[in-house]
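Visitor: Sequence first, predicted model second:
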Amino acid sequence: MFATIIFLVIAASALVAAIVVFTPFGVIADFTFAGGKRNGRIVLYWLHPRLNRLTFYIDRQRITLCFLNWSHEIAHRSTMERLSADKLSPSFDKKNPSIPLQPAKISPKKPVQLNLSSSPKFSKLDESPKKKSGSWLHRWNFMLRKAKKILSILLDRRIVLKTLRWLHRDIKLLLHLAKLHHVHLKAKAGAADPAETGNIYALFVTLRSTFLSRTTHIDIRFEPYFSGAMLEVEGSIGVTSSVARLLLAGLVSITTFPWLVVFDAWRKLRKVRNEIMSVAEVTV
């Protein structure tokens with residue numbers, strides 16, 4: 001009986017972990033711009049936007065949480081203003097605010113007089129300064145040789161090729177990390193000259209029929225306004241991903257990193273650094 005309960009708990013935990021890892025989550029950004037006023041919201045959801053979501057309203061500065069159609073307001077603009085006011089308010093006596101705080105009285109102290117001429121440390125430095133060994137030309141040649149050695153280590157063909165190959169693989173993973181769900185954009189605009197508005201609309205129709213005729217998740221619309229200059233924009237952008245994609249990208253990035261080559265280059269650079277530090281200690 002006890003073994004059956006343990007098995008059921010492990011199976012349920014594995015099922016929940018698989019649901020969390022492989023189910024998608026997404027981000028939706030809705031925005032509007034009209035008459036010089038901006039409005040919008042950012043929604044972070046899991047499974048479906050109507051079931052589990054975290055919404056941030058930009059104009060009202062309000063954050064709401066919705067879990068299985070149960071919604072709760074986390075923060076509001078008044079709460080944020082109160083918190084910011086508490087942080088920016090000057091310090092005062094909360095027990096008796098009518099009485100101002102009195103500054104503490106500091107008794108002046110007598111200045112301390114130092115006799116630098118009698119100090120053995122300064123007299124030793126003034127009487128017998130250390131002699132620097134070597135000339136500036138030798139040190140300059142030494143630093144030039146070490147700089148060339150450092151460049152030869154960093155620009156080694158094996159290091160450069162493996163690092164570029166790793167960066168190329170990671171960039172491809174980053175591009176596939178998130179999937180574009182939808183792009184909806186609707187604009188109503190016009191210029192002061194109606195002819196210029198007509199030219200812009202003709203260019204938009206040409207570009208849309210050329211590049212966006214076969215795409216279903218991208219919908220861009222433009223309505224010309226010939227009565228004057230104006231601009232109104234309304235849109236929504238959605239991106240989806242999953243925890244499994246994030247974990248896979250991180251695992252591939254860590255396992256394919258050229259650790260041995262980088263460690264070998266770091267060991268050589270550390271050796272050069274120790275040589276430079278030893279010479280610097282001798283010449284000081």
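Guide: Received, thanks.

Visitor: Which positions within stretch 234-242 qualify as buried?
Guide: Glu234, Gly235, Ser236, Gly238, Val239, Thr240, Ser241, Ser242 (16 or more other Cβ atoms under 10 Å). Where you see a C-beta, it was placed from the backbone N, CA and C, and this is true even at glycine.

Visitor: just curious, which of those residues is nearest to Ile19?
Guide: Within the buried residues of stretch 234-242, the smallest distance to Ile19 is 10.9 Å, found for Ser242 (Cβ to Cβ).

Visitor: So that closest one sits against Thr23, correct?
Guide: Yes - counting by Cβ atoms under 8 Å, Ser242 does reach Thr23; the two are 6.7 Å apart.

Visitor: residue contacts, Asp193?
Guide: Neighbouring residues of Asp193 by Cβ atoms under 8 Å, 6 or more residues apart in numbering: there are none.

Visitor: what pLDDT does it get?
Guide: The per-residue pLDDT reported for Asp193 equals 89.

Visitor: Can you report phi and psi for it?
Guide: Main-chain torsions, Asp193, degrees, to the nearest 10: phi -100, psi 120.

Visitor: For it, give its distance to Ala187.
Guide: Distance from Asp193 to Ala187, counting by Cβ to Cβ, to the nearest Å: 18 Å.

Visitor: remind me which residues of the stretch 101-250 of the chain are low pLDDT?
Guide: For the stretch 101-250 of the chain, applying pLDDT under 70 flags the ranges 101-134.

Visitor: Try it again at 50.
Guide: 101, 114, 116-134 (pLDDT under 50).

Visitor: Which helix in this structure has the most residues?
Guide: Ordering each helix of the chain by length in residues (DSSP state H) puts helix 259-283 first.

Visitor: need the helices for the stretch 1-150 of the chain, in chain order.
Guide: Residue ranges of the helices in the stretch 1-150 of the chain, as given by DSSP state H, counting those that start in this stretch, are 2-22, 77-88, 120-127, 136-154.

Visitor: now the residue nearest the centre of the chain, what's its secondary structure?
Guide: By Cα atoms, centre = their mean, the chain has its centre lying nearest to Leu174, at 14.5 Å. What DSSP: H, G, I helix; E, B strand; the rest coil gives for Leu174 is helix.

Visitor: Tell me who's in contact with it.
Guide: Ala249.

Visitor: got it, and Ser241?
Guide: Neighbours of Ser241 in contact, by Cβ under 8 Å, 6+ apart: Pro24, Phe25, Gly26, Leu177, Ala178, Lys179.

Visitor: so what pLDDT did the first one get?
Guide: pLDDT, the model's per-residue confidence, is 86 for Pro24.

Visitor: and Cys207, what helix or strand is that in?
Guide: In this structure residue 207 is Leu, not Cys. helix 194-211 (DSSP states H and E).

Visitor: His181 versus the closest residue to Phe22 other than its chain neighbours, what's the distance?
Guide: Computed as Cβ to Cβ, 6 or more residues apart in numbering, the closest residue to Phe22 that is not its neighbour in sequence is Ala244, at 5.2 Å. Separation of Ala244 from His181 (Cβ to Cβ) stands at 17 Å.

Visitor: Ok, Leu151 next?
Guide: Taking Cβ to Cβ, one finds Leu151 at 47 Å from His181.

Visitor: Who has more neighbours out of the two?
Guide: Neighbours per residue (other Cβ atoms under 10 Å) separate Leu151 from His181, with His181 holding more: 16 against 10.

Visitor: Now for the residue nearest to Thr23 when sequence neighbours are not counted: which residues touch it?
Guide: Distance criterion Cβ to Cβ, 6+ apart; nearest residue to Thr23, sequence neighbours excluded, is Leu47 at 5.7 Å. Contacts of Leu47 were listed using Cβ under 8 Å, 6+ apart, and they are Thr23, Pro24, Phe25.
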